[in-house]
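Engineer: Any chance you could fold what I've pasted below:
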Amino acid sequence: MNGRQSHDSQRRSPSRPPGVPTLLLLLLLALIARPGRVMAQALDASLWVTDGDVRAIAPWGNTIYVGGDFSYIGANTGGMVELDGLGRARSGLPRVDGNVTASVSDGAGGWFIAGTFTHVAGIARPGLARVLADGSVSAWSPSPAPSGSVACLEHQGTRLFVATTASTLVAYDDATGARVGGWAPAVTGLVTALAVNGTTLFAGGSLSFTITSPPSTGTGIAAINT
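Structural biologist: So this is what the prediction gives:
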């Protein structure tokens, strides 16, 4: 009895360090349990797009065949595109990642644009931007940014006039982006159209207005000194 107990105690002696196979197994298990790296995914804006749903895709060599509920496929132009005399999209303008709902010439071959976008040519320009005549995005940025979404734009001289859905009508310097101080006509309601003639800005829409110097009020359309 004592002999067997002694023999068992020898077999149950403190465990020896794991051998090489055991270490390799533990290392393999650790690698398997380690979270894998997730590769970032990015959309390829150069691929053409359709005007409806795509139901099937089949790559063949350097060609991708697509089928579905669409009638047109063309370049992914974004929210702004220049057309030639035949109505075909021309390259040159930056890609806008949302809708352009208002635009006006900057007087130098470029454009001020406004809409639901957040980036122009990959550059952060939330809702309002200037595109130069060469198609590049200007460093111009409104400061402070207008409140509400931009409803319409007008440009005259060195000023960009901006009407928003928050019932504001403001002017910005078209070179620096700074808001023009001392010019703040009181408007209640939505301005949906702007037009300038000389030193007079006409604003129209579902609005009432108050103009100072001399004091006057009205509805529907206002004539404002710029």
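Engineer: which residues does the residue most central in space within the chain contact?
Structural biologist: In the chain, the residue lying closest to the centroid (Cα atoms, centre = their mean) is residue 118, at 2.3 Å. Neighbouring residues of residue 118 by Cβ atoms under 8 Å, 6 or more residues apart in numbering: 97-98, 124-127. C-beta: built from backbone N, CA, C; applies to glycine.
Engineer: next one: residue 117
Structural biologist: Residue 117 sits in contact with 79, 96-100, 125-127, 129, where contact means Cβ under 8 Å, 6+ apart.
Engineer: and with 6 Å instead?
Structural biologist: 79, 96-98 (Cβ atoms under 6 Å, 6 or more residues apart in numbering).
Engineer: Of those residues, which pair is most distant in space?
Structural biologist: Greatest spacing in these, by Cβ to Cβ: 79 and 97 (7.3 Å).
Engineer: buried subset of the contacts of residue 117?
Structural biologist: Buried members of the contacts of residue 117, counted by 16 or more other Cβ atoms under 10 Å: 79, 96, 98.
Engineer: Adding distance to residue 194 and pLDDT, write those out as TSV.
Structural biologist: Below are those laid out as TSV (distance: Cβ to Cβ, whole Å; pLDDT from 0 to 100):
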residue	distance to residue 194	pLDDT
79	21	83
96	21	91
98	22	90
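Engineer: Columns distance to residue 170 on top of those residues, output as TSV?
Structural biologist: TSV is the format used below for the buried ones among the contacts of residue 117 (distance: Cβ to Cβ, whole Å):
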residue	distance to residue 170
79	23
96	23
98	22
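Engineer: Pick the one among those closest to residue 156.
Structural biologist: Closest to residue 156, out of all of these and judged by Cβ to Cβ, is residue 96, at 24.3 Å.
Engineer: The closest one pairs with what?
Structural biologist: residue 78, residue 120 (DSSP bridges).
Engineer: which stretches of this structure have low pLDDT?
Structural biologist: For the chain, applying pLDDT under 70 flags the ranges 1-43, 45-46, 209-218.
Engineer: picking up where we left off before, for the contacts of residue 118, give me a markdown table that also has distance to residue 159 and secondary structure.
Structural biologist: Formatted as a markdown table, those follow (distance: Cβ to Cβ, whole Å; DSSP: H, G, I helix; E, B strand; the rest coil):
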| residue | distance to residue 159 | secondary structure |
| --- | --- | --- |
| 97 | 28 | coil |
| 98 | 25 | coil |
| 124 | 24 | strand |
| 125 | 19 | coil |
| 126 | 21 | coil |
| 127 | 19 | coil |
